[in-house]
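In: Fold the following for me, if possible:
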Amino acid sequence: MELPIRPQSDRFTTPGRYRELETQLRRRIEGSDIPILFIYAFDPRTRLGPFVFVDKTLVPGAPRAVGAALYAAGFRNVRLVLQQWNPNIQPSVTRFDGKPPEVLMISAMQIHSAPAWRLIRDAWQLGDDRPLILAGGPKAVYEPWDFFGLSPDGREGADVVVTGEEYVLLELLDRIVEMKGPSDTMLAAFERAREGGLLEDIPGLVYRPDAPDGPPPHLVNTGVQRMVQDLDELPLALEAMGLFEPPHARTTLSSQPVPAEQLGRHAKILAMVTTHGCQFHCPYCPIPAYNQFTFRHRSPQRMVEEIAGIADLCGMTKFFGTDDNFFSRRETAEAALAAMARGKVGNKPFRKAITFATEATEFDVLKNQDLLPLARDAGMRGLWLGIEDLTAGLVNKGQTVEKTKTLFKLLVKHGIAPMPMMMHHDGQPLWTLRSL
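Out: Numbering: from 1, shown residues only. Model (predicted):
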């Protein structure tokens, strides 16, 4: 699905609005107990190549971001489940102190669609006691319709698909809670809001217009999300670190989540947000359009606070920046690296205390190669580079064979591992004689 673009003046939320919404929602649910089960769907058939082993030691971005957003907004009865840790978990039998979840959130990449669908169908086995089902993640952003009509009769599916970021989720939850009576479930409140047309002004949602009784006649798409421009408005991941389900093979939840200070025994790498956006407009890539051709970033101080805080609290010392292109803007990259170079975990500087890796393009790293010594002082030990095509014959992002050789030698010289990401299509030979 190609995402439309908002007018430039309408792409962002009002500055400070995220924090206002967070406070408003916290006030609305004060004294309430709303059990929320968040599951990051994972298909073990995708455990290939570089993802083997790393997939079980990495905390992905979605549970970190959503968990922090929920906790900061006042939801305390939340459990974050990673299917790579808990492959047999079943929403139909999970319980929070004897109660089924009132909200089920599922995040999935496209390659993890099948287990996401199974989780949704399983939740429907609860009948009248089933939770409100929300779907999100990359699969939801680009193919939201795939979460509806999952049973032969077309009834089963998600209640609503969130095609935006944390702000959209909180706006949806705030509207539902506003409609929730003392004896209502979140599902009943959602249905009341949907029937009253009260969700139509929340950009970033897709849902069926009627009660799920047979295939949906059509789907309501409320349009493209408004984004939070200042990423410092979003809560730190620290607040979500004590919400994770410990690894096991059971279908049910443990009595308690993993304490934050013990999370490092299971997870070694944290995915963290540093910047969003890329100046390249490659025809195959949806990232610039998703970010509505904008560039957003966190303040250097906020990044250092999160890295040092997670290392101190959880004992995790490896961090992966989920950048689209970290070196896209020199001033942003330089300020972040300078602050990280001054950062400390205990008495150790980041250079010795942490390992930081992120994503960039060969073109931008070469253009800013003088920053590489500073990057190493900041703790950078790896750069995932979108080379895509060594010859630039099929995909040209300013790369050449000589530039690649030059850059890789520079990175190795400074102790930063070059990690090339390549593309391959079915009609392309794996190897060609006397050719790159």
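In: Kindly check the end-to-end length of stretch 76-88 for me.
Out: One end of stretch 76-88 to the other measures 24 Å (CA to CA, to the nearest Å).
In: mind listing what's buried in it?
Out: Residues of stretch 76-88 classed as buried by neighbour count (16 or more other CB atoms under 10 Å): 77, 78, 79, 80, 81, 82, 83, 84, 85, 86. C-betas here are computed from N, CA, C, even on glycine.
In: for it, the distance to its chain's centre please.
Out: Per CA atoms, centre = their mean, to the nearest Å, the displacement of stretch 76-88 from the mean C-alpha position of its chain is 15 Å.
In: Kindly provide the whole-number mean pLDDT of that stretch.
Out: Averaging pLDDT along stretch 76-88 yields 97.
In: hmm, who's touching that stretch?
Out: Stretch 76-88 has contacts (CB atoms under 8 Å, 6 or more residues apart in numbering) with 33-42, 44, 55-56, 59-60, 63, 66-67, 70-71, 89, 94, 96, 112, 115, 240, 243-251, 253, 257, 266.
In: So what's the gap between stretch 271-286 and the chain middle?
Out: So, by CA atoms, centre = their mean, the centroid of stretch 271-286 is 14 Å from its chain's centroid.
In: go on, stretch 328-337?
Out: 22 Å.
In: for this protein, longest helix please?
Out: In the chain, with assignment by DSSP state H, the single longest helix is helix 300-314.
In: Looking at the buried residues of stretch 76-88, which one is closest to residue 215?
Out: Distance to residue 215, by CB to CB, is smallest for residue 83 among the buried residues of stretch 76-88, at 27.7 Å.
In: Which neighbouring elements make contact with the longest helix of the chain?
Out: Other helices and strands packing on helix 300-314, by 3 or more CB pairs under 8 Å, 6 or more residues apart in numbering; DSSP states H and E, are strand 269-272, helix 330-342, strand 344-345.
In: Now the element after that helix, going C-ward?
Out: Counting by DSSP states H and E, the next helix or strand C-terminal to helix 300-314 is strand 318-321.
In: So which bits of that next one are buried?
Out: 318, 319, 320, 321.
In: quick one: which of these is nearest to residue 356?
Out: Among those, residue 319 lies closest to residue 356 (CB to CB), at 5.1 Å.
In: I figured the closest one was touching residue 345, is that so?
Out: No: between residue 319 and residue 345 no contact is recorded; they are 11.2 Å apart, counting by CB atoms under 8 Å.
In: Report the set of residues contacting both of those two.
Out: Listed contacts common to residue 319 and residue 345 are 307, 354; contacts here mean CB under 8 Å, 6+ apart.
In: okay, now residue 410: neighbour count?
Out: Residue 410 has 15 neighbours, counted by other CB atoms under 10 Å.
In: and the closest residue to it other than its chain neighbours, how many neighbours?
Out: The shortest distance from residue 410 to any residue other than its chain neighbours is 5.8 Å, reached at residue 369 (CB to CB, 6 or more residues apart in numbering). Other residues lying near residue 369 total 16 when counted by other CB under 10 Å.
In: Flag the shaky bits of the stretch 1-150 of the chain, pLDDT-wise.
Out: Along the stretch 1-150 of the chain, segments meeting pLDDT under 70 span 1-5, 50.
In: That one: strands as residue ranges?
Out: Secondary structure of the stretch 1-150 of the chain (DSSP state E, counting those that start in this stretch): strands located at 36-40, 58-59, 78-82, 103-107, 132-136.
In: Pipe those strands into JSON lines and attach distance to residue 144 per row.
Out: Putting the strands of the stretch 1-150 of the chain into JSON lines (distance: least, CB to CB, whole Å) gives the following:
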{"stretch": "strand 36-40", "distance to residue 144": "18"}
{"stretch": "strand 58-59", "distance to residue 144": "25"}
{"stretch": "strand 78-82", "distance to residue 144": "22"}
{"stretch": "strand 103-107", "distance to residue 144": "13"}
{"stretch": "strand 132-136", "distance to residue 144": "8"}
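In: Residue 150 is nearest to which of those strands?
Out: Closest approach to residue 150 among the strands of the stretch 1-150 of the chain is made by strand 132-136 (10.3 Å; CB to CB).
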